[in-house]
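A.B. asks: give the three-dimensional model of this entry:
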Amino acid sequence: MSVQGKTALITGASRGIGEAAARIFTAAGANVVLLARSTSDIERIAADIGETALAVAGDVGHFGDVEAAVKAAVDRFGGVDILINNAGVVEPISHMADADPKAWAQVININLNGVFFGMRAVIAQMRAQGGGTVLTISSGAAHSPIEAWSHYCASKAGVAMLTRSLDQEERANGIRAMGLSPGTVATQMQREIKASGVNPVSQLNWEDHIPPEWPARALLWMCSGDADVYLGDEISLRDPQIRAKVGLT
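C.D. replies: Okay, the predicted model is just below:
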């Protein structure tokens, strides 16, 4: 599948992997719809990209905002061919005994409900156009507990199961669903983790993290038929064979 002329809706598009994906998909010929809470940032990125980009301010934790972004994509570009569920947070980092229940639940809402809302919002129109691709940012935290990240680990584990569920229910309708576990990426989230000083991840040096362009390039590759063997599964960017297939060094 070439993304030339296709439309990708990217959540959490104001920085990091989301911004990098917007630029890399645009360079490959796609239209991009940028969804994030930070209006000024996504408007700046969209203006920099040009007419093939559309900024839509919204919160993935509100289904109505996600629905509105899909509608905006349909109205401007004719549909959504690719959904990249990228939005996610890890703050506040806290041990369970000290966690604020409301703050803990808010992370679940963004990281897990937000992914479901994206999937739910695109299924009908992807079915109607004969299919599409849904890519979700996963994490090693989906499979291994990490101290003071109970909300993040639980949400990412849920996201992994959502991806498998979407594949089971919608593959026959032409919807391709996969997850990408990128490893640690040089983004604002890693600055927050570093500042917490909790668990081994916070002890990593900045140069230990990969640039956000690497997972963005992996997401582009996942839109191709070469990635079909991973449908319903998760791709790890820590795997040297995957890096070679994507063209990373």
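A.B. asks: so what's D100 up against?
C.D. replies: Contacts for D100 were tallied using C-beta atoms under 8 Å, 6 or more residues apart in numbering; they are 92, 94. C-betas here are computed from N, CA, C, even on glycine.
A.B. asks: quick one: the strands in this structure?
C.D. replies: 7-11, 31-36, 53-57, 82-85, 132-137, 175-181, 234-236 (DSSP state E).
A.B. asks: out of those, nearest to N199?
C.D. replies: Nearest to N199, of all the strands of the chain, is strand 175-181, at 17.6 Å by C-beta to C-beta.
A.B. asks: sheet partners, orientation included, of that closest one?
C.D. replies: strand 132-137 (parallel), strand 234-236 (parallel) (DSSP bridges).
A.B. asks: for S155, see how far away N173 is.
C.D. replies: 26 Å (C-beta to C-beta, to the nearest Å).
A.B. asks: give me the more crowded residue out of these two.
C.D. replies: S155 (27 against 13; other C-beta atoms under 10 Å).
A.B. asks: contacts only, for that one.
C.D. replies: Under the criterion of C-beta under 8 Å, 6+ apart, the contact list for S155 reads 88, 107-108, 111-112.
A.B. asks: show me what contacts S196?
C.D. replies: Under the criterion of C-beta under 8 Å, 6+ apart, the contact list for S196 reads 93, 148, 202.
A.B. asks: least confident pick among those residues?
C.D. replies: Per-residue confidence over these reaches its minimum at S202, where pLDDT is 89.
A.B. asks: so how many other residues sit close to that one?
C.D. replies: Under the neighbour criterion other C-beta under 10 Å, S202 is assigned a count of 17.
A.B. asks: was I right about it contacting K194?
C.D. replies: Yes - look at S202 against K194 with C-beta atoms under 8 Å: they come within range, at 5.4 Å.
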